[in-house]
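Enquirer: Return atomic coordinates for the entry below.
(chains A and B, ligands or ions: 2)
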Amino acid sequence: MKLTLKIWRQKNGNDAGGFVTYQANDVNKDMSFLEMLDVVNEGLIAEGKDPVAFDSDCREGICGTCSLVINGVPHGGQKATTACQLHMRHFQDGQTITIEPWRARPFPVVRDLVVDRDAFDKIIQSGGFVSASTGGTPDANAIPISKDASDAAMDAAQCIGCGACVAACKNASAMLFVSAKVSHLGLLPQGKVEKDRRVLAMVKTMDEAGFGNCTVTGACEAVCPKEISLDFISRLNRDYATAVFKSAWGAK
Amino acid sequence: MNLDSKIPSGPLASKWERHKFDLKLVAPANKRKFEVLVVGSGLAGASAAATLAELGYKVKCFCYQDSPRRAHSIAAQGGINAAKNYQNDGDSVHRLFYDTIKGGDFRAREANVHRLAEVSRQIIDQCVAQGVPFAREYSGYLANRSFGGAQVSRTFYARGQTGQQLLLGAYQALSRQIGLGNVQMFPRTEMQDLVLVDGHAKGVVVRNLVNGEISSHSGDAVILATGGYCPVFYLSTNAVGCNVTATYRAHKRGAAFANPCYTQIHPTCIPVSGDHQSKLTLMSESLRNDGRVWVPKKQGDNRKSWEIPENERDYFLERKYPSFGNLAPRDIASRAAKEACDDGRGVGPGGLGVFLDFADSIKRLGEPAVRERYGNLFDMYERITGENAYKQPMRIFPAPHYTMGGLWVDYNLMSNIPGLFVLGEANFSDHGANRLGASALMQGLADGYFVIPYTIGHYFASHKQERPSTSHDAFKSVENEVNQKIQKLLSVKGGRTIRSMHWELGRLVWEKCGMARDKAGLEEAIKRIPQLREEFWQNISVPGGANEMNVALEQASRVADFMEFAELLCRDAHHREESCGGHFRTEYQTEDGEALRNDQDFSYVAAWEHQGVDKAPNLHRESLQYEEVKMTQRSYK
Ligand SMILES: Cc1cc2nc3c(=O)[nH]c(=O)nc-3n(C[C@H](O)[C@H](O)[C@H](O)COP(=O)(O)OP(=O)(O)OC[C@H]3O[C@@H](n4cnc5c(N)ncnc54)[C@H](O)[C@@H]3O)c2cc1C
Ligand code: FES
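Expert: Ligands and ions are numbered 1, 2, ... in the order given. Below you'll find the model as predicted:
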């Protein structure tokens, strides 16, 4: 099939950037979206032009590297699908497709479709862990964990940290991302010990990084390739309120 | 070249315990004087960086992705082995050790493998303590599944995302140390070369992938945990960025490369759909617990799967290997699939596929139970192929997946270059000629959490050497070489894209040095690769400049290394005149088509010493001594 692509081009963080239109004439329906871009880039390189920079690595929907807004929707709007797993059979011959980077202040554009998501790493560094150093841990079966709790923790832990939730949110809120980590660890006995400390630290770092407030539009959940549920945001709000309350009253 | 494996003396089962006691220690207050450079943030690198920092060492960690959380370990699906014997089904450290040695077709080091089996148990404890949400039973205790090459259930898993959860555990431990200021993290930073001072590894030269800046970092030791080299085949189940650059450049600086020809072709991947393809997708081996592999009995049978009656189907793994059935080890299952397709009985486009059928399991367990176990894999299959595997069998075909070969290391995981340690898939140490499923995650974490923290201290305590400054001449000269190479890549300005050159190289290596190899084919490849390399340097086209984010340049630099490394791979395969594990030489097979080892002449590790590009490398042999197990012809019948 033939497609018209309007792709965001931006030399670097200081450049203003803008859309450039390209024709893709040899698109096969079995290609993934990124493979389609590979072919476009082959053409550009053959003409001695700079290929379109975009991030990807695993190309199977798990590393969270790919980050394209396709026709206005992060990852392109196929349910539970990252851009690298989106296949061209979902597009029509002759269609025009716009491709942009994540757009959010805490994720500055590095080049073309590549953004800087360091802010997510900083949030985890401030508290998204269990402080268990290597060694000296009890037998793995010493603490039984109910299947329900462990399944729910896994539902949250599946987050791939791609940032689509932020890109979809009109406030650029990172609440879905933060809530997934807070819930994953908070649901397990191993993570409960540091629950209050964790939630306070992660929310503080999130705010400092310039992510906006959550107004519960649900846009994040709709685009999340791992279908992380909004319920985790409610849980985060509860955990946060409890932690603030406890620290205000000096309870330990 | 001195290849002393430093295997401790004494009975196998107590070697590691004794060795830990014999290793010299660095006092807690002195640890912060040592700086360790860890290249790679996958399971091996992240676990090492976190643990060393917890111990008090100063650590710098590098990865090429934008975050350490995205290392390719994230993609591992099926699970991680450990000899916990929670199922009371006869597992033990000894059995895991034995299965791994046998699975590796008696080409791995006994002492290393035994240690791996021993520490496997602590790994699970550690991961649970970090909050890894492994699958559990209703009792609240941990669940297990079976993997190929084993008759016990010892595989721990987190749905189909075990690697993701283990890596996030290690990443979080690493993040904690970054937050505490004990680790300095350098994402989007690619190691370009290794720097030696007085024969010791003392630093790396790296390229900042955002602005192209070349810089040097010096340390008291360098750890490479940079993963495997599967993309030498172009198409593989690896991430598109996986590369051989770090290990190959270390090889060019003197590190021996061991057994490069031991590559693993995984039986259950989604078949190739066209030339546009950039990677192949694995369908986890765990599917073989409940899926049955078959092809039609008749050649060229074009009927739909459901039109073929039961008695006209050949469940070839169950037929050929009744005691392991669909869970035969990977090398054997892949070859059997290839044989069926070579015989004209393959299914799907080009006859390059076999069925993996869940109909019986769905009948037995019900669709919800199958969905609970493998739902995400079925979804992934549907996204890629557009087919629903609950309704019709999956089509699968073997694809390059893992590389057992890697830099040679001794029992302490140190290469023959003092101060250069190699962990995870990047080293050669534990899997012999074939890796069993769910053992790579185990090895990466064993190396990082439980081996290197002990052995690196011994190196520091025995070699009291100053850490050089990066203004040392050695750094300047390596930086110069790196800059020259980049300029050279940019200045060719020829007519071929990197991708097309990589594709051509990968096709050649796949055809001549893939699932089946023979002398004539390998000789052809060894002749053809230097020609391709020449064309590469005459005719590639790399747009853009050196001082900017330049994806084409990154790829060019990696492919340039594959262009040299591929020859080493084929030379190793050519010299090993036997079949073992993933290395199948068609000239050496038993009457019923199984790999025919030659223990008399080849029970050694082949460690290659670089002699210069376009020169044949030197072969060094580390002979393999088996004290505990008897080398036998592997049988899974
Ligand atoms: C699809 C798939 C499924 C798998 N499933 C399983 C499974 O179920 N069970 C199992 O046991 N094993 C499995 N494996 C194998 C296993 O995942 C890998 O062998 C293992 O995770 C490798 O870990 P590692 O830490 O050695 O390397 P990686 O995780 O590959 O990490 C390499 C690191 O090195 C960095 N790096 C590489 N080159 C450079 C450079 N030049 N400069 C700077 N940094 C660099 C990368 O950025 C990355 O951080 C699977 C593999 C694949 C591909
Ligand atoms: S490239 Fe890994 S999720 Fe898309």
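
Enquirer: going forward, measure contacts between C-alpha atoms and count neighbours the same way
Expert: Will do.

Enquirer: quick one: residue A:250 is in a helix?
Expert: No: assigned with DSSP: H, G, I helix; E, B strand; the rest coil, residue A:250 falls outside any helix and is coil.

Enquirer: What separation do you get for it and ligand 1?
Expert: Going from residue A:250 to ligand 1 by Cα to the nearest ligand atom, to the nearest Å gives 42 Å.

Enquirer: could you list every residue that touches that residue?
Expert: Residue A:250 makes contact with no residue under the criterion Cα atoms under 8 Å, 6 or more residues apart in numbering or on different chains.

Enquirer: pLDDT below threshold where in chain A?
Expert: Along chain A, the model assigns pLDDT under 70 to residues A:251-252.

Enquirer: and residue 182, what does it touch?
Expert: Defaulting to chain A. A:128, A:195, A:198-199, A:236.

Enquirer: look at chain B instead
Expert: B:53-54, B:56-59.

Enquirer: Kindly report the same for residue B:143.
Expert: Residue B:143 neighbours (Cα under 8 Å, 6+ apart): B:134-137, B:156-157.

Enquirer: Residue B:186 too?
Expert: Shown in contact with residue B:186 (Cα under 8 Å, 6+ apart): B:60-63.

Enquirer: Near ligand 2, which residues of the stretch 51-200 of chain A are found?
Expert: A:56-66, A:82-84 (Cα under 6 Å from any ligand atom).

Enquirer: now the residues you listed in JSON lines, with secondary structure, distance to residue A:96 and neighbour count?
Expert: Formatted as JSON lines, these follow (DSSP: H, G, I helix; E, B strand; the rest coil; distance: Cα to Cα, whole Å; neighbours: other Cα atoms under 10 Å in any protein chain shown):
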{"residue": "A:56", "secondary structure": "coil", "distance to residue A:96": "23", "neighbour count": "24"}
{"residue": "A:57", "secondary structure": "coil", "distance to residue A:96": "26", "neighbour count": "21"}
{"residue": "A:58", "secondary structure": "coil", "distance to residue A:96": "27", "neighbour count": "25"}
{"residue": "A:59", "secondary structure": "coil", "distance to residue A:96": "23", "neighbour count": "27"}
{"residue": "A:60", "secondary structure": "coil", "distance to residue A:96": "25", "neighbour count": "25"}
{"residue": "A:61", "secondary structure": "coil", "distance to residue A:96": "24", "neighbour count": "23"}
{"residue": "A:62", "secondary structure": "coil", "distance to residue A:96": "28", "neighbour count": "28"}
{"residue": "A:63", "secondary structure": "coil", "distance to residue A:96": "28", "neighbour count": "26"}
{"residue": "A:64", "secondary structure": "coil", "distance to residue A:96": "26", "neighbour count": "26"}
{"residue": "A:65", "secondary structure": "coil", "distance to residue A:96": "25", "neighbour count": "28"}
{"residue": "A:66", "secondary structure": "coil", "distance to residue A:96": "21", "neighbour count": "27"}
{"residue": "A:82", "secondary structure": "coil", "distance to residue A:96": "20", "neighbour count": "30"}
{"residue": "A:83", "secondary structure": "helix", "distance to residue A:96": "17", "neighbour count": "26"}
{"residue": "A:84", "secondary structure": "helix", "distance to residue A:96": "19", "neighbour count": "25"}
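
Enquirer: Find the nearest non-adjacent residue to residue A:194, please.
Expert: The spatially closest residue to residue A:194, leaving aside those adjacent along the chain, is residue A:130, at 7.3 Å (Cα to Cα, 6 or more residues apart in numbering or on different chains).

Enquirer: What ranges does the stretch 101-250 of chain A have for its helices?
Expert: Using DSSP state H, counting those that start in this stretch, the helices of the stretch 101-250 of chain A run over residues A:118-127, A:147-157, A:164-168, A:175-186, A:189-192, A:195-208, A:219-223, A:231-248.

Enquirer: quick one: least confident helix or strand in chain B?
Expert: helix B:367-385 (a mean of 90; mean pLDDT, DSSP states H and E).

Enquirer: so the helix or strand that comes right after that one versus helix B:367-385, what angle?
Expert: Next helix or strand after helix B:367-385 toward the C-terminus (DSSP states H and E): strand B:394-403. Using axes from the mean of the first three to the mean of the last three Cα atoms, to 10 degrees, the inter-axis angle of strand B:394-403 relative to helix B:367-385 is 70 degrees.

Enquirer: For the stretch 251-400 of chain B, which residues are neighbours of chain A?
Expert: B:273-274, B:276-279, B:281, B:383-385 (Cα under 8 Å from any Cα of the partner chain).

Enquirer: one step back: ok, of the contacts of residue B:143, which one's closest to residue A:145?
Expert: residue B:136 (7.7 Å; Cα to Cα).
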